[in-house]
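Colleague: Sequence and predicted model, in that order:
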Amino acid sequence: MGARTGAQFLEGLRRNPPTLYIDGERVQDPTTHPKTMHVAHSLAGLYDLQHDPAYRDVLTYEENGERYGMSFLVPRTKEDLRRRGDMHKAWADASLGFMGRTPDYMNVNLMAAAMAPEYFEGCEGSGPVGSGRNYGENMRRYYEYVRDHDLCLTHALTNPQVNRAKMASEMPDPFIALGVVRETDEGIVVRGARMMATLPIADEILIFPSTVLKENADKSQYAMAFAVPTNAPGLYFQCREPFDLGRDVEDHPLSSRFDEQDAFVIFDDVLVPWERVFLLYDVKLANQAYGRTTAVLHMAHQVVCGKIAKTEALLGVAQSIVNTIGSGQFQHVQQKVSEFIVTLEIMKALRVAAEEGATVNDYGVMTPARGPLDAARNYYPQVYPRLNELIQLLGASGIIMMPTKADREGPMGPHIAKYLQAGNGTAEERLRLFRLAWDMTLSSFGARQNLYEKHFFGDPVRMQCALYEVYDKAPYVERVRGFLERRETPLTVAADD
Ligand SMILES: Cc1cc2nc3c(=O)[nH]c(=O)nc-3n(C[C@H](O)[C@H](O)[C@H](O)COP(=O)(O)OP(=O)(O)OC[C@H]3O[C@@H](n4cnc5c(N)ncnc54)[C@H](O)[C@@H]3O)c2cc1C
């Protein structure tokens, strides 16, 4: 089938609705339920873009006479990576970067894993090719299945936050954390929960290893990777309180369209067929899966492109506020806007550096450079709260004194039109802009964005520690040592400098 249309995506959800629970009720059809229909239709809009002549070549590629979504492309050259980066950026732009988990995020994860079949075949218990238990073959076939049907995936990595002082096996119940209960001829039966899956309005869920398993044989029941449809029997998504309150787009410009949802994922003895098992019982392989297959770098590439889109939007809103209230002559205002520019240029430079510094990985896949991507994913969570603060400092009371569309169209309309007009436009134009600034930074939707940016790629503390571990600091230590040892005056520069 290849690249889907929006209508095909919605039809897929209608035929196989994920088992979502919101506010104590089962969502029968996410394409019509008031709390999920708008984001479902926004996602459909992304799939439709794939068929828009203006975007077709950016968002899809051709192979063997079929057109597939560009995020399924196996990059072999730097140009392939640049093309894929443009695709990530185009999809992110559609929501101003405020939907982090557009389907391309998981597609590149899957692509990288599928191109590394040897990695999964190295898992103890992986059987011969064609047996249904060859994990590498399963991974590759699953990628082809998702690519050919252009499916939308969600994922969940972390165990429930019951007690972080204890290991999974030490919890009050050994199946609070997701684990394998038993094997059958058909597959494995899994029980337990995962803490967080953004975008549960999806066709399938990919469970990849939680990366915090201790190297201990009796914990191997928690080491696994598999995929099942989001309506698999026994699988439940308990969604958080929705931010889409059904308000007009003018009042809630982001939350009314792009609430991608986050769900707690419960597996109540879910059968995973053998063909959908990719890794089992192997703690070491589980812990290294993201790094060794380089999936994490392809995902980080999607992230950096999305954050560029988001920063461009924040800069656009910041400057629009300045233009609207005429504050651009104040030096501190100029300085504040320049902070957005610096962040944007850093993120753009990191994207280019990642693509230009790309190398072919062990499995023949052109892989973006790790250094710039590690820098981006450690830098952006730190700077994002500041960008929010800057919007609030620039907009001040304007970001809260925002009568609604109904107010504007009601009896107070003439007063609102007079007193809330903009320096450079009408009250309606001014209110639409400030509503956007509010939804970006202050609404429940905006607050969740703040939390999301801090955590979605992992605990920021442990990400920094990981960077400290992997980054090769030795050459710089050596250079300083060499410098300190040189006593000559004036100092001569060594040939290798
Ligand atoms: C909005 C949002 C969306 C998300 N979407 C997804 C998703 O789609 N899929 C997915 O898999 N995950 C998702 N996540 C989860 C994300 O991966 C985690 O939030 C992140 O890995 C941190 O884990 P945690 O939330 O369990 O925090 P915890 O691990 O419980 O940490 C809580 C606090 O304790 C500290 N702490 C805990 N353990 C340690 C330790 N061993 N060493 C040092 N400090 C420690 C942390 O630093 C932190 O301060 C999402 C998170 C958010 C907030």
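Modeller: Cool, the structure landed. Numbering: from 1, shown residues only.
Colleague: Any residues of the protein in contact with the ligand? List them.
Modeller: Within the chain, the positions near the ligand by Cβ under 6 Å from any ligand atom are 155-158, 161, 164, 195-198, 262, 448, 451-452, 455-456, 458-459, 461-462. (Each C-beta comes from the backbone N, C-alpha and C, glycine too.)
Colleague: Throw together a PyMOL command that grabs the buried residues out of those.
Modeller: Selection of the buried residues among those in PyMOL, burial being defined by 16 or more other Cβ atoms under 10 Å:
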select buried, resi 155+156+157+158+195+196+197+198+262+448+452+456+458
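Colleague: Let's see which of the residues of the chain next to the ligand end up in strands.
Modeller: In strands, defined here by DSSP state E, the members of those are H155, M195, M196, A197, T198, D262.
Colleague: who's the residue in the stretch 201-350 of the chain positioned nearest to the ligand bridged to?
Modeller: Per Cβ to the nearest ligand atom, D262 is where the stretch 201-350 of the chain lies closest to the ligand, at 5.0 Å. Counting by DSSP bridges, D262 forms beta bridges with T198.
Colleague: which other residues reach stretch 30-49?
Modeller: Identification of contacts with stretch 30-49 by Cβ atoms under 8 Å, 6 or more residues apart in numbering yields 3-10, 13-14, 17-18, 20, 22-23, 27, 55, 59, 90-91, 94-95, 99, 102-103, 150, 152, 201, 239, 242, 244, 246, 256-261.
Colleague: Now do the strands in the stretch 101-250 of the chain.
Modeller: In the stretch 101-250 of the chain, the segments counted as strands under DSSP state E, counting those that start in this stretch are 153-155, 179-183, 187-198, 204-207, 224-229, 235-239.
Colleague: For these, give me TSV that also has mean pLDDT.
Modeller: Shown next, in TSV, are these (pLDDT from 0 to 100):
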stretch	mean pLDDT
strand 153-155	98
strand 179-183	96
strand 187-198	97
strand 204-207	98
strand 224-229	97
strand 235-239	98
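Colleague: Kindly present these as JSON lines, with separate columns for distance to M111.
Modeller: Converted to JSON lines, the strands of the stretch 101-250 of the chain look like this (distance: least, Cβ to Cβ, whole Å):
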{"stretch": "strand 153-155", "distance to M111": "12"}
{"stretch": "strand 179-183", "distance to M111": "26"}
{"stretch": "strand 187-198", "distance to M111": "19"}
{"stretch": "strand 204-207", "distance to M111": "12"}
{"stretch": "strand 224-229", "distance to M111": "14"}
{"stretch": "strand 235-239", "distance to M111": "24"}
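Colleague: sorry, back to before: restricted to strands, list the contacts of stretch 30-49.
Modeller: Using DSSP E, the contacts of stretch 30-49 in strands are L20, I22, C239.
Colleague: So which of those residues is surrounded by the most neighbours?
Modeller: Highest neighbour count within the ones in strands among the contacts of stretch 30-49, by other Cβ atoms under 10 Å: L20, with 23 neighbours.
Colleague: Could I get the average pLDDT for stretch 268-283?
Modeller: For stretch 268-283, the mean per-residue pLDDT is 96.
Colleague: Would you mark the buried spots in that stretch?
Modeller: By 16+ other Cβ under 10 Å, the buried positions in stretch 268-283 come out as 270, 272-283.
Colleague: From one end of it to the other, what's the distance?
Modeller: Criterion Cα to Cα, to the nearest Å; first-to-last residue distance in stretch 268-283 is 23 Å.
Colleague: Any idea how many residues pack against N16?
Modeller: 13.
Colleague: roughly how far out does the strand or helix carrying N287 sit from the chain middle?
Modeller: Secondary structure assignment for N287, by DSSP states H and E: helix 283-292. Relative to its chain's centre, helix 283-292 lies at 20 Å (Cα atoms, centre = their mean, to the nearest Å).
Colleague: Kindly report the same for stretch 22-29.
Modeller: Distance, centroid of stretch 22-29 to centroid of chain: 24 Å (Cα atoms, centre = their mean).
Colleague: From the opening residue of that stretch to its closing one, how far?
Modeller: By Cα to Cα, one end of stretch 22-29 lies 12 Å from the other end.
Colleague: contacts for that stretch?
Modeller: Here stretch 22-29 has contacts from 13-14, 17-21, 33, 35-36, 239, 241-242, using Cβ under 8 Å, 6+ apart.
Colleague: Do me a favour and get the end-to-end distance for stretch 15-23?
Modeller: 23 Å.
Colleague: Neighbours of the closest residue to F72 other than its chain neighbours, how many?
Modeller: Distances taken as Cβ to Cβ, 6 or more residues apart in numbering place R147 nearest to F72, at 4.1 Å, with adjacent residues excluded. Residues near R147, counting by other Cβ under 10 Å, number 24.
Colleague: got a list of what R147 touches?
Modeller: Applying Cβ under 8 Å, 6+ apart, we find R147 in contact with Y68, G69, F72, N107, M111.
Colleague: low pLDDT regions in the stretch 101-250 of the chain?
Modeller: 211-219 (pLDDT under 70).
Colleague: how about 90 then?
Modeller: The model of the stretch 101-250 of the chain has pLDDT under 90 over residues 124-125, 127, 130-132, 164-171, 209-220.
Colleague: now the helices for it?
Modeller: In the stretch 101-250 of the chain, helices defined by DSSP state H, counting those that start in this stretch lie at 104-114, 117-121, 135-149, listed in chain order.
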